[in-house]
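> Give me a model of this one.
(2 chains)
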Amino acid sequence: MTLSAFRVRLVISTRFVRDFVVPPEPLIIRHQQAVLPSIPSLTVPRRAMTREYRRPGEPIDNRFPWQKIDFDFSRGLEGLKNNIMLIKKELSDPWVGPEGKPILEHMLEQNRVIWEFKGPESLEQWILSSDLEIGGKSEINLRMGKNGQSCFLSGNLDSTPPRDGETRYSGYCTMRSKQPQSFFNRKKHYDWSSFNTLHLRVRGDGRPWMINIGTETYFSHQKNDIYCYFMYTRGGPYWQEIKIPFSKFFLSSCGRVQDSQHPLWLDKVNTVGFTLGDKADGPFQLEIDFIGVCRDYAHTEQCAYESYKRNPEV
Amino acid sequence: MTRIRFLLQLQGLGQVGLSRFAAQHGALLQSAFCLQPNLIKNAQRQVIKHFHGSLVCAKRNSVPSAQPLNEDKKSNDSALIHADLFDHVSGTFKTKATFNKAIDVFIKSDVRRRGHVEFIYAALKKMPEFGVERDLAVYNKLLDVFPKGVFVPRNFIQRMFNHYPRQQECGVQILEQMENYGIMPNLETKVLLVQIFGEKGHPVRKYQRIMYWFPKFKELNPWPIPKDLPTDPVDLARFSLARIADDLDAQVTVYQVPHTDVTEKGEHVTLPHIVGIQSPNQIELLAKHNPDRPVFIEGPFPLWLRKTCVHYYILRADPTPADEKEECPYDPESCLAYPLALDLDLDRDMGDDETFDVEICNEGPVFAMCMTGQGDEATLNQWISGLQQKNPILGQVPVLFLLEGRTTELKISSDKESDSQNSQHEDHQTQDRRSKVEANR
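Predicted coordinates for the structure are as follows:
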């Protein structure tokens, strides 16, 4: 047990609890295992495409996969409708140009708005989660801003760790974009390889956030890999424009910064997320106007971290 | 310091006489840390002792044993005992000195430092209680509890497998707690870790990782916040207003200093502080504001400075409708050195468009911001009266309060007596506005 615990890549900080993965396994295994009553599943937004987190003390779900299916006719119809729309889009787009844009526009594009918030339906592209899933007490909710032109992310951060005897850290709130999908639930990815900077227009309350970019990976052990960087907000009544070069993003897995860093590959980006976990208990708020990517010709850096050696050299 | 460097160099040459150097250096550290001078002798004697030595050898030196530990030795649950040790030693005074004393008591109690892993875990847990969780010296002292040289792998097989895993985990745990509190280890930490776990142990690697990443992330915040915020509310308000105003020309004005007044009836009335900020641009904007349209005092909005939350209020207006907007061309002669408007007809290439195709969220102008200890209308009204000295237009503009959960209208006039009358007075426009505001909430 100790060996395997040590093989957890002991890197650095758990302060940045990640976007979609549970806080790292505790290194220290307590000898007295508390016998906990089974905790009923909490009503939190479901997270797609990641394995469920099983809280310590919760019984293992031994049901077969087909037993977990809950069939709903109306939802099926909805899905069918969505799929037909997606097929239609997929068929009609190539007639206009790549990605449904005229070829000239596609080739000369300098910047692209990925998400903007112009109506309640734009909020459906986001998944919220907080440490409620691991038994914490943070809350998060998302709604449209006062004038209906931005999204307003607010909630309450509480870093009391859950009393399950194993979890040592808690207190995170996160918002993550859904992975784009093609018809028949096929995965689609954002291709941002012609851009090098992430551009956001936000208004925060002075708290630091973390931006997480999840990319498509090949091996299953990389499924927790995520590229992170910090987003500092100034606070106050003014909007701020934040430009973060993609070269600054560092690789982390399960909340641990990795030794071997490499540049973020932008051709298959799945998700972008915002995480708050600054250990300051209390209410928070963040307004986002739009999220875009742009090409900054003045920025030529590929990766901000040394990649010719292990980082740090050990 | 030179001694430490010398030590490191020697170790780099190949672990020559590790235990001897460890002993010497340990003694050095001990003498540096020990608070009571009469303990130094014992501590030195202990460190110099070889840990792989025979039992007889260990027995020959009289082992000073602490009284509280002897009776509990048989018990198994030693982590709890160590927690008790801290309470026992410290008594009612939980300070750094008593924490160090507890560590000294443990070090002296047993020459083999039996149960030191549990002791360290207990100490780590107790640290916030004693207020030493951000003290690097204490962490180093805690690392010093580990016996030196015992856990250093001696051959490649030991190095390959996890040598003394529980002790290494414990070492990593100390570093992780340091990391969580944002403490950067120093060279002394490294020397200790190398002495305890060898050059390539997991704690040493963790140390290297911290030393690689911490300096990279240390100065990232473009709007840094000092570690110790000013305790005086006026200073704090001054700092936070300057932070959020985002304008170097903006001027902070203290409208009211917190003080306690005694009224005629003998009651003590505490007046809150009112600190406001306004830049010349904002004064100009407010002067151009259409007096028919109301301005709003909105708030409180939270602002977080590390772990403290302060609240501010803003004076703003609704965005001017398109038909009222007037183009104001820059006066080219206002600044000859730096022309404010340049109309160069440069040939731009296709796709040289650097603006985003998005309709950005348009909000009305912000005219001023303030912070106050008490966010009621009377206090904010005082702020507006103070603002009126520089912005005479505020005498004509209706001012609406959009405070948390309440909406009232209050018109600032030159005489302050009419406050109560004005708050009762409501016209249709205000009611419309109010319903709109409530709909927005």
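
> Break the chain into its domains for me.
Picking chain A for this. Domain segmentation of chain A under the TED database yields A:71-108, A:111-294.

> meant chain B, my bad for not saying
For chain B, the TED database gives the domain ranges B:73-216, B:231-320+B:360-404.

> Of the ones you listed, which is nearest A:F73?
domain B:231-320+B:360-404 (39.9 Å; C-beta to C-beta). For the C-beta atoms, the positions are set from N, CA and C on the backbone; glycine is no exception.

> First-to-last residue distance for the closest one?
From its first residue to its last, domain B:231-320+B:360-404 covers 26 Å (C-alpha to C-alpha, to the nearest Å).

> Same question for stretch B:244-260.
Using C-alpha to C-alpha, first and last residues of stretch B:244-260 are 29 Å apart.

> List, one by one, the residues from the stretch 201-350 of chain B near chain A.
B:202, B:205-206, B:208-213, B:216-217, B:220-223, B:240, B:243-246, B:301-307, B:309, B:312, B:314, B:316, B:350 (C-beta under 8 Å from any C-beta of the partner chain).

> can I get the domains of chain B in CSV with mean pLDDT and mean neighbour count?
Shown next, in CSV, are the domains of chain B (pLDDT from 0 to 100; neighbours: other C-beta atoms under 10 Å in any protein chain shown):
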stretch, mean pLDDT, mean neighbour count
domain B:73-216, 89, 19
domain B:231-320+B:360-404, 88, 17
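
> Tabulate the ones you listed in CSV, adding columns for distance to A:E90.
Putting the domains of chain B into CSV (distance: least, C-beta to C-beta, whole Å) gives the following:
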stretch, distance to A:E90
domain B:73-216, 43
domain B:231-320+B:360-404, 31
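
> hang on, the earlier thing: now, of the domains of chain A, which is deepest in the fold?
domain A:111-294 (a mean of 19; mean count of other C-beta atoms under 10 Å in any protein chain shown).

> what's the span of that domain, first residue to last?
Length of domain A:111-294, first residue to last, C-alpha to C-alpha: 4 Å.

> That domain vs chain B: in contact?
Yes: Domain A:111-294 comes into contact with chain B (C-beta under 8 Å from any C-beta), by way of A:111, A:113, A:116, A:118, A:145-147, A:149-150, A:169, A:199, A:201, A:205-208, A:230, A:232, A:234-239, A:257, A:259, A:279-280, A:282-285, A:289-290, A:292, A:294.

> Let me know the helix or strand that the residue of the stretch 201-314 of chain A found nearest chain B is in.
Here the residue of the stretch 201-314 of chain A nearest chain B is A:G236; by C-beta to the nearest C-beta that distance is 2.7 Å. Remark: A:G236 resides in no helix or strand, with elements defined by DSSP states H and E.

> Chain neighbours aside, what residue packs nearest to it?
B:I244 (2.7 Å; C-beta to C-beta, 6 or more residues apart in numbering or on different chains).

> Quick check, that neighbour in contact with A:G235.
Yes: contact criterion C-beta atoms under 8 Å: B:I244 and A:G235 qualify, at 5.2 Å.

> All the strands of the stretch 51-200 of chain A, residue numbers only.
A:111-116, A:126-130, A:139-144, A:151-157, A:173-177, A:197-203 (DSSP state E, counting those that start in this stretch).

> got it, and chain B?
For chain B, the strands defined by DSSP state E cover B:251-256, B:259-262, B:268-271, B:274-278, B:295-305, B:308-317, B:366-372, B:398-403, B:406-411.

> and the longest one, what does it pack onto?
Just to be clear, that refers to strand B:295-305. Applying 3 or more C-beta pairs under 8 Å, 6 or more residues apart in numbering or on different chains; DSSP states H and E, one finds that strand B:295-305 contacts strand A:282-294, helix B:233-245, strand B:308-317, strand B:398-403.

> Quick check: which ranges of the stretch 201-314 of chain A have low pLDDT?
Applying pLDDT under 70 to the stretch 201-314 of chain A flags residues A:314.

> Turn the helices and strands packed on strand B:295-305 into CSV, including distance to B:Q167.
CSV is the format used below for the helices and strands packed on strand B:295-305 (distance: least, C-beta to C-beta, whole Å):
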stretch, distance to B:Q167
strand A:282-294, 39
helix B:233-245, 45
strand B:308-317, 39
strand B:398-403, 58
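
> Spell out which parts of the stretch 1-150 of chain B neighbour chain A.
Proximity of the stretch 1-150 of chain B to chain A (C-beta under 8 Å from any C-beta) is limited to residues B:Y121.

> Smallest distance to chain A belongs to which residue of the stretch 1-150 of chain B?
Taking C-beta to the nearest C-beta, chain A has its nearest neighbour within the stretch 1-150 of chain B at B:Y121, 7.4 Å off.

> dump the residue contacts of B:V310.
With contact set as C-beta atoms under 8 Å, 6 or more residues apart in numbering or on different chains, B:V310 has these partners: B:236-237, B:240, B:302-303, B:371.

> now B:L80
B:A122 are the contacts of B:L80 under C-beta under 8 Å, 6+ apart.

> Next one: it from A:G273, what distance?
To A:G273, B:L80 is 41 Å away according to C-beta to C-beta, to the nearest Å.

> so where is the stretch 1-150 of chain A shaky, pLDDT-wise?
For the stretch 1-150 of chain A, applying pLDDT under 70 flags the ranges A:1-51.

> Which residue does it have closest to chain B?
Nearest residue of the stretch 1-150 of chain A to chain B, counting by C-beta to the nearest C-beta: A:L108, 2.6 Å away.

> hang on, the earlier thing: which neighbours do B:I244 and A:G235 share?
With C-beta under 8 Å, 6+ apart, B:I244 and A:G235 have common neighbours A:206, B:303.

> A:T197 against A:Y297, yeah?
No: between A:T197 and A:Y297 there is no contact under C-beta under 8 Å: 10.1 Å.

> What is the end-to-end distance of stretch B:302-313?
In stretch B:302-313, first residue to last residue: 9 Å (C-alpha to C-alpha).
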